[in-house]
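Colleague: requesting a structural model of the entry that follows:
(4 chains)
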4 protein chains.
Amino acid sequence: MMKAVTFQDIGSVAVLETPEPTLELPSDVIVRVTRCAICGSDLHLYHGEIPMMPGDTCGHEFTGIIEDTGSSVGKFKRGDRVVGTFHTACGSCNACQRGEYHLCASAAVYGFGPIYGALNGSQAEYARVPFADINLRHIPDKLEDEAALFAGDILTTAYGAARNANISAGSSVAIIGCGPVGIMAIQSALALGATRVIAIDLLEERLQLASSLGAEIINASNSDPVGRIMALSDGEGVDAVIEAVGGSRTILLAFEMVRPGGHISAVGITATQTFDYPLMQSTTKDITFRVGLANIHRDIDKTLALIANGKIDPTVVISHRLALEEAAEGYHLFDTRVASKVILIP
Amino acid sequence: MMKAVTFQDIGSVAVLETPEPTLELPSDVIVRVTRCAICGSDLHLYHGEIPMMPGDTCGHEFTGIIEDTGSSVGKFKRGDRVVGTFHTACGSCNACQRGEYHLCASAAVYGFGPIYGALNGSQAEYARVPFADINLRHIPDKLEDEAALFAGDILTTAYGAARNANISAGSSVAIIGCGPVGIMAIQSALALGATRVIAIDLLEERLQLASSLGAEIINASNSDPVGRIMALSDGEGVDAVIEAVGGSRTILLAFEMVRPGGHISAVGITATQTFDYPLMQSTTKDITFRVGLANIHRDIDKTLALIANGKIDPTVVISHRLALEEAAEGYHLFDTRVASKVILIP
Amino acid sequence: MMKAVTFQDIGSVAVLETPEPTLELPSDVIVRVTRCAICGSDLHLYHGEIPMMPGDTCGHEFTGIIEDTGSSVGKFKRGDRVVGTFHTACGSCNACQRGEYHLCASAAVYGFGPIYGALNGSQAEYARVPFADINLRHIPDKLEDEAALFAGDILTTAYGAARNANISAGSSVAIIGCGPVGIMAIQSALALGATRVIAIDLLEERLQLASSLGAEIINASNSDPVGRIMALSDGEGVDAVIEAVGGSRTILLAFEMVRPGGHISAVGITATQTFDYPLMQSTTKDITFRVGLANIHRDIDKTLALIANGKIDPTVVISHRLALEEAAEGYHLFDTRVASKVILIP
Amino acid sequence: MMKAVTFQDIGSVAVLETPEPTLELPSDVIVRVTRCAICGSDLHLYHGEIPMMPGDTCGHEFTGIIEDTGSSVGKFKRGDRVVGTFHTACGSCNACQRGEYHLCASAAVYGFGPIYGALNGSQAEYARVPFADINLRHIPDKLEDEAALFAGDILTTAYGAARNANISAGSSVAIIGCGPVGIMAIQSALALGATRVIAIDLLEERLQLASSLGAEIINASNSDPVGRIMALSDGEGVDAVIEAVGGSRTILLAFEMVRPGGHISAVGITATQTFDYPLMQSTTKDITFRVGLANIHRDIDKTLALIANGKIDPTVVISHRLALEEAAEGYHLFDTRVASKVILIP
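Modeller: Numbers count the residues shown, from 1 in each chain, chains lettered A, B, ... in the order given. The predicted model follows:
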């Protein structure tokens, strides 16, 4: 038996003793979890917006040590230090063979309920990883587990959003929203060579963090972000905008801020189903709009290298480190926005 | 003095005697027009949706013979046979230097009123072409003027839309709408190597033309286009969708038809300002959406080569050939949808 | 027991009874071979240039019917009609995960001796296919096995060479050498949208085939190919050159023919180890040079679609169809250049 | 009259009084030079390897202040602070319209003799700039002339070489040679997001500079660079190699160091005309090889932004700052390798 964070009811999780996972297929490995985390998307489950069975294990962000390997696993052996991708991919379906691992026909998200593949979560002492050769990466020697953990989910999501925005050396970029994903997007944009990153938020504390990472900042609570962006760019607008809030109103701001020929990439998990796409404006300005799941498997080696190299430090968003047993408290702190990012230590 | 098609009032044009254009700047040339055409976008002026001064010359699609050249013109000489791009670009602003000629800071559209640069139209015996080295192309020897004319506007617009849809060899493509732009998009998709092009329309006549060009066809008046596309693609959807109708309802169909990871390119000049962008669906499927003006200057050499080579025949959309003097009749036929494309011969 | 073409000694192959292959790993399948072929590269083994053990089965081009499947195979079932890639890839090493299947760390070529992975050949009644989900493709319904076979090797090699030459819609291309690979390169270039393909060879018969496929032709035995290319391109040269002969002299011609800023892709299996790279000329003209193995797994779905769609017909290079039992005669005909391509029918 | 550095004879330059340049065409401007520099390629003229007429003005790297503008100049006015590209482009030939400014049909290099366009040099108090809207850029406010100067030539050349090597975020890169261009290549690779840059040279002093900029270093005078690269990369090799020495032996090292599927970009102005291209090795490893002039006009805005933003500091290579009158001494110091980079101040 092992300890695991389990869903109980809407707004309630509990750490219980559950059976340890075992190898089910030759391509599986069992990982002893060293660090796991609570993700913004876990709140969808916590709030009952995505169905989960009582007793199911939660969580999809994790690092660990290989405990046991199936007979066909080729890249990992007992004792290896690894980070997992937040969802699994099979490596052999049409999408995977095109390199579109995020669109794998049999993808499953750890701890995300029956709709997303009914795969046990990783907020636990042990986790089973299917298709391990595809879904784990070795952690570079000089990297702490705590930093590597982010490469399996929100950092690489933000990095993918920056790639979707076509950011390259010399780009000017506006980033709307400085929550954890926005902060990762700022660092990703700079790592991709952006020479001007302008961060927009309503909270001074978040903006100060953005500023410390190299962004220019606009506090939208006391100034007009579109007007300021135009003033800063000779009236032309920026090459790229990353929307990391998820509101339909902030998406429309992006269309105002971007220069003709520019790119908008939306990454926030949104509360709204649709927004009024400004067709005429987009036609005249020739805007490319992109919103979509990130391709973690494609980019995770790059983000691990960027962290190892010091170009990105995802740990700046961590506000709390708790023992796994304190997970219920962690969920509460995160849900009430007291915590910006909670790491759980088994 | 020369004959020119002039705007008179909403719903009224007239062929009048107007002054012949003269060289104004060293980079100008004067072209004797051999063929011009009435474009779908000319109807916006005809309907008064875009302001135009009574007496102004109309038209922006044309071919001709060089009559006179300014002192700094390097690429053209009297007697050369040329096709014009529908708008001018300066070649030296920031956008032009990035190769984004369609976003030129001083772009002007021939015969499109004061908002679009107050440049005289080309439905006339002669036209002045600014920055001629940038805004004209030689017509390949084996190409008729009538075919080359399309490369300066709607063919290259459709080709650009196909490029925006990321079409390449082996792509499967759905094209919604088989009007002149849709027909050009079908030919462009095939020229780019698409191995499956599925054309959708309500009118059997248009679909027969699409079919004769190599497309599979779906008549949406008697079958469900989304269901049919799914049946044809093993339930996956197509790599790319080109929306060539311009309605918000047809754009939403595109999101249903496209495969996960696919591209949607909208090219229809729309009647609506906005549509309800399906954010969640687009996120889950990871769709790239693009709508925008085409970069004619970037692609016109390619479309001229594709016509010369026989891979594209834009003349299939021509329904009427009239003398320039019959322009009023031409506008009427086109406006009432009796004509699909009207060529005017000065 | 089954019949198989086996290597005996330099210049000698024999069809013998050998053990039928069996499933060795859960990801294997057994294929009953319906068509196989003798490839130009098989002659390296035949000539003893690549070591092979007497009695080993030859051949790496094949189509077949699934006979048996391992327990972890997900995409294929008994009775499916398939084409194999000429080498296997594992799907999970670093190179495969980057989509570089041709650089797989554990790649093996069927029937190519111990240096290339000691994998039994496919010129036999049955073949074992490792990592079948990665290394087989379904043959589209309307495609004959004989045509699909080429997608697993030389067609996709030629197509990859055309991609390496950066060919796209509107490109002008010279192709040096009209042997089987050159002929496939001509068709691939046209399928990618090239509007001008100029084929060069010394043999009129080969040139006539090239011409029938849509190429302009130059017989280098009685005219200067560089001079002719320049005359045909206003003295500028072509956008891309594919070298499909494999001689160092013909590679140097490519540098003469290509336009400034153009691309050279060499695909011929060469007899020489090196050539004198024209550094100064390449610097001034800014040439990109590419030679390398093709990424069959990346492109095979596209080439299958292009054959199914009729844009490419690889069967035009077939000169002989023999029973598997006649393989020795087939090797002799091919080695003495009497045959251009030999299909073996088990 | 003004002071200008003039070619006298092989190994001899002199500062003489020469006529001030005047506007010749409407697209010209006259620049009052504020900083100019001696470039490695100037030594080709100094050594008589490229013909120059006695009395001709030398030099092609410069910044300045606009003194006078022709009537058609749109982007600059008297008093503007500018940097020039080392060669001019016309902006309207086929190559320029494709964005390939470095291949402009009427390109001319300042002060590079009759073969390169017979354009007066910029090591002078004033210089005439043809097609000024195309061939000058404004210097960002916070940038010193001395830093901006490099963007017009060697920095952007090195940056272009890094782009040609396909470097992007997460790349591992080896750079052979730490002269001025190599140092700029190191900074460019890092700016493009490379997470591992390994610099190779024989001189400890150069390597210390490379190290201070963030590179790992290998002194090839006392260790085997290929062996070390392999040890540092788990035996795989690096994603990209930039050869910045110009020797045929060092180019061959690049083929040893690069990983399968990797890119080699050669940027050194070489003493040799050819090298023995390793065809078989390149085929098996699937290497892309690129050598060519840089497209300064395409990239200069990016390099200016990277300097302004602090990601690149080209001034680290400056060893001497002399008055324009001391140019003869400057050439001597540079030719004898006492100086690594000489700035001349008019």
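
Colleague: spell out which parts of the stretch 1-150 of chain A neighbour chain C.
Modeller: A:25-27, A:72, A:74-75, A:90-93, A:97, A:99, A:133-134 (C-beta under 8 Å from any C-beta of the partner chain). All C-beta spots, glycine's among them, are computed from the backbone N, C-alpha and C.

Colleague: would you convert those residues into JSON lines that also reports distance to residue C:318, secondary structure and neighbour count?
Modeller: Below are those laid out as JSON lines (distance: C-beta to C-beta, whole Å; DSSP: H, G, I helix; E, B strand; the rest coil; neighbours: other C-beta atoms under 10 Å in any protein chain shown):
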{"residue": "A:25", "distance to residue C:318": "43", "secondary structure": "coil", "neighbour count": "15"}
{"residue": "A:26", "distance to residue C:318": "42", "secondary structure": "coil", "neighbour count": "15"}
{"residue": "A:27", "distance to residue C:318": "41", "secondary structure": "coil", "neighbour count": "25"}
{"residue": "A:72", "distance to residue C:318": "39", "secondary structure": "coil", "neighbour count": "17"}
{"residue": "A:74", "distance to residue C:318": "39", "secondary structure": "coil", "neighbour count": "14"}
{"residue": "A:75", "distance to residue C:318": "42", "secondary structure": "coil", "neighbour count": "20"}
{"residue": "A:90", "distance to residue C:318": "37", "secondary structure": "coil", "neighbour count": "23"}
{"residue": "A:91", "distance to residue C:318": "35", "secondary structure": "coil", "neighbour count": "23"}
{"residue": "A:92", "distance to residue C:318": "32", "secondary structure": "coil", "neighbour count": "25"}
{"residue": "A:93", "distance to residue C:318": "33", "secondary structure": "coil", "neighbour count": "19"}
{"residue": "A:97", "distance to residue C:318": "29", "secondary structure": "helix", "neighbour count": "23"}
{"residue": "A:99", "distance to residue C:318": "34", "secondary structure": "coil", "neighbour count": "16"}
{"residue": "A:133", "distance to residue C:318": "40", "secondary structure": "helix", "neighbour count": "22"}
{"residue": "A:134", "distance to residue C:318": "39", "secondary structure": "helix", "neighbour count": "23"}
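
Colleague: now the element after the helix or strand bottoming out on mean pLDDT in chain A, going C-ward?
Modeller: Counting by mean pLDDT, DSSP states H and E, the weakest-scoring helix or strand in chain A turns out to be helix A:279-285, with a mean of 89. Moving toward the C-terminus from helix A:279-285, the next helix or strand (DSSP states H and E) is strand A:287-291.

Colleague: can that following strand be said to contact chain B?
Modeller: Yes. Judged by C-beta under 8 Å from any C-beta, strand A:287-291 comes into contact with chain B through A:287-291.

Colleague: from the geometric centre of chain A, which residue sits farthest away?
Modeller: residue A:234 (33.5 Å; C-alpha atoms, centre = their mean).

Colleague: how much space separates that one from chain C?
Modeller: Counting by C-beta to the nearest C-beta, to the nearest Å, the separation of residue A:234 from chain C is 32 Å.

Colleague: neighbours around the closest residue to residue A:117 other than its chain neighbours, how many?
Modeller: The shortest distance from residue A:117 to any non-neighbouring residue, by C-beta to C-beta, 6 or more residues apart in numbering or on different chains, is to residue A:108 (2.4 Å). Around residue A:108 sit 20 other residues, with neighbours defined as other C-beta atoms under 10 Å in any protein chain shown.

Colleague: list the contacts for residue A:108?
Modeller: Contact analysis of residue A:108 by C-beta atoms under 8 Å, 6 or more residues apart in numbering or on different chains lists A:87-88, A:116-119, A:130.

Colleague: reformat those as JSON lines; add pLDDT and secondary structure.
Modeller: Supplementary listing: the contacts of residue A:108 in JSON lines, determined by pLDDT from 0 to 100; DSSP: H, G, I helix; E, B strand; the rest coil:
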{"residue": "A:87", "pLDDT": "98", "secondary structure": "strand"}
{"residue": "A:88", "pLDDT": "98", "secondary structure": "strand"}
{"residue": "A:116", "pLDDT": "93", "secondary structure": "helix"}
{"residue": "A:117", "pLDDT": "94", "secondary structure": "coil"}
{"residue": "A:118", "pLDDT": "93", "secondary structure": "coil"}
{"residue": "A:119", "pLDDT": "97", "secondary structure": "strand"}
{"residue": "A:130", "pLDDT": "97", "secondary structure": "coil"}
